[in-house]
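Novice: Okay, sequence plus prediction incoming.
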Amino acid sequence: MSFFDKHVFVCCNQRAEGETCCNNYGSSALLDYMKDQIKARGLNGSGQIRVNKAGCLGRCDEGPVLVVYPQETWYTFIDKDDIDEIVEEHMVNGRVVERLKI
């Protein structure tokens, strides 16, 4: 059994200048925003949701990316609206956001 209901890993990898990477698209700022949204809803902690910074997840060409475990659902996102939708639909309501799914 998982310690968390959902464990989210947000790629914040930074590659050399000129190379594609998630952090070039602002993933670190959006990671912080997602953490704040989860905390504001009281969804963080054991048995609930954990959001972590990750190094390269190997899909930077599709980035920025995040993955939700144990569902193994991969998403791309570009702004706070996308993060809000992932939090509301997937984290709260348990529905995959098909338009952002990779």
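Specialist: Noted; the coordinates are in hand.

Novice: residue ranges of the helices in this structure, please?
Specialist: Remark: helices assigned in the chain by DSSP state H are 27-40, 80-85.

Novice: unless I'm mixing things up, Ile49 is touching Ala40, no?
Specialist: No - look at Ile49 against Ala40 with Cβ atoms under 8 Å: they stay out of range, at 12.0 Å. C-beta: built from backbone N, CA, C; applies to glycine.

Novice: Would you enumerate the residues in contact with the spatially most central residue of the chain?
Specialist: With distances taken as Cα atoms, centre = their mean, Leu66 lies nearest the centre of the chain, 3.8 Å away. Under the criterion of Cβ atoms under 8 Å, 6 or more residues apart in numbering, the neighbours of Leu66 are Val8, Phe9, Val10, Cys11, Met34, Trp74, Tyr75, Phe77, Ile86.

Novice: What count of nearby residues applies to the first one?
Specialist: In other words, Val8. Val8: 24 surrounding residues under other Cβ atoms under 10 Å.

Novice: Leu100 now?
Specialist: Neighbour count for Leu100, taken as other Cβ under 10 Å: 20.

Novice: Now it: closest residue in space that isn't a chain neighbour?
Specialist: The shortest distance from Leu100 to any non-neighbouring residue, by Cβ to Cβ, 6 or more residues apart in numbering, is to Tyr75 (4.6 Å).
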